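Student: Structure of the sequence below:
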Amino acid sequence: MSKESVTIYDENLKEMAVLSRDEAHQTGGWHRSIHCWIIRPIEQGYVLFQKRGRDKKLFPNFLDITAAGHYKSGESAREGTREILEELRVDVKFEDLIPLGIKIDVAKVGDVINREFCDVFILIRKESPEQYNLDPSEVEGLVQIKINDGLKLFGGEVDKVTAEGIEWSKDTQKWRKIKIEVSSTDFIPRIDPYYYKIFIMAKLVLAGEKYISI
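Tutor: Residues are numbered from 1 along each chain as shown. As a prediction, the model looks like this:
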């Protein structure tokens with residue numbers, strides 16, 4: 001059980017109460033989180049995805065946002081960047097983040113009811129997945145997918161694309177390189193075409209477009 005507290009909002013983003021994170025997910029209370037997507041400006045560009053551990057209760061081995069997490073009660077978006085440091089060991093300046101606006105995230109998985117206002121950002125970094133000094137207790141895998149491949153996958157042109165990166169081996173207690181074929185069903189499911197939109201925004205950002213939004 002998580003004792004971490006989060007601020008609860010109404011549908012108009014007005015503060016209503018403070019609950020534990022578990023209570024927020026039990027009652028479906030609206031709360032806030034940060035989504036940080038890292039893109040690599042190498043060749044035609046890549047988007048980095050976190051690979052969930054095989055022992056996770058929800059969505060084991062699925063691909064998800066590069067770094068993400070809930071705001072603690074009273075935290076601002078600027079303070080919420082601590083999630084990037086905790087998960088990727090990357091100390092990010094808030095000014096380096098490219099804002100895409102707020103995404104409404106709604107889902108029910110088992111007895112977990114998730115309703116979030118997500119501040120979405122893009123961060124441009126040149127490092128490949130194996131160059132990150134990851135904490136395996138926070139992140140068990142990190143892979144990259146070419147932007148053009150992601151567009152074809154979520155645009156329905158191909159069934160699978162290649163993801164390359166690293167994952168933590170509990171047997172050897174070391175990071176190992178991986179190269180896997182993934183389909184759209186290998187990503188944590190969402191009711192909107194979120195991943196498709198991220199690949200679109202990543203391509204626009206690397207092309208120098210400044211008018212972008214999620």
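Student: Just the CA trace of stretch 167-180, in CSV.
Tutor: Written as CSV, here are the backbone C-alpha positions of stretch 167-180 (Å, rounded to 0.1, in the frame of the first residue of the first chain):
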residue,chain,number,x,y,z
GLU,A,167,16.8,-4.8,-19.9
TRP,A,168,17.8,-5.9,-16.4
SER,A,169,18.6,-9.5,-15.9
LYS,A,170,17.8,-10.6,-12.3
ASP,A,171,19.8,-13.8,-12.9
THR,A,172,23.1,-12.1,-13.7
GLN,A,173,22.3,-8.8,-11.9
LYS,A,174,23.5,-7.0,-15.1
TRP,A,175,22.0,-5.0,-18.0
ARG,A,176,21.8,-6.9,-21.3
LYS,A,177,21.2,-5.6,-24.8
ILE,A,178,17.9,-6.7,-26.4
LYS,A,179,16.4,-6.4,-29.9
ILE,A,180,12.7,-7.3,-30.0
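Student: ok, now which ones touch residue 61?
Tutor: By CB atoms under 8 Å, 6 or more residues apart in numbering, the residues touching residue 61 are 51, 52, 53, 54, 186. Using the backbone N, CA and C atoms, a C-beta is placed for each residue, glycine as well.
Student: ok, residue 81 - how many residues close by?
Tutor: Neighbour count of residue 81, defined by other CB atoms under 10 Å: 24.
Student: What residues of the longest helix along the chain count as buried?
Tutor: In the chain, taking DSSP state H as the definition, the longest helix is helix 194-206. Across helix 194-206, burial judged by 16 or more other CB atoms under 10 Å covers 194, 195, 196, 197, 198, 199, 200, 201, 202, 203, 205, 206.
Student: nearest residue to residue 58 other than its sequence neighbours?
Tutor: Spatially, and ignoring its direct neighbours in sequence, residue 58 is nearest to residue 109 (5.9 Å; CB to CB, 6 or more residues apart in numbering).
Student: who does the one you found bridge with?
Tutor: residue 112 (DSSP bridges).
Student: Contacts for stretch 177-190, please.
Tutor: Applying CB under 8 Å, 6+ apart, the contact partners of stretch 177-190 are 49, 52, 59, 61-64, 105, 107, 130, 141, 143, 145, 153-154, 159-167, 195.
Student: Can you tell me what sits against the lowest-mean-pLDDT helix or strand in the chain?
Tutor: Least confident helix or strand of the chain, by mean pLDDT, DSSP states H and E, is helix 82-88 with a mean of 92. For helix 82-88, contacts defined as CB under 8 Å, 6+ apart pick out 34, 36, 38, 50, 66-69, 90-92, 123, 132, 134-135, 138-139, 142.
Student: show me where pLDDT drops low in the protein?
Tutor: Along the chain, segments meeting pLDDT under 70 span 1-2.
Student: residues in contact with the residue sitting nearest the centre point of it?
Tutor: For the chain, the residue nearest the mean C-alpha position is residue 65 (1.7 Å; CA atoms, centre = their mean). Shown in contact with residue 65 (CB under 8 Å, 6+ apart): 35, 36, 37, 49, 50.
Student: Thanks a lot, see you next time.
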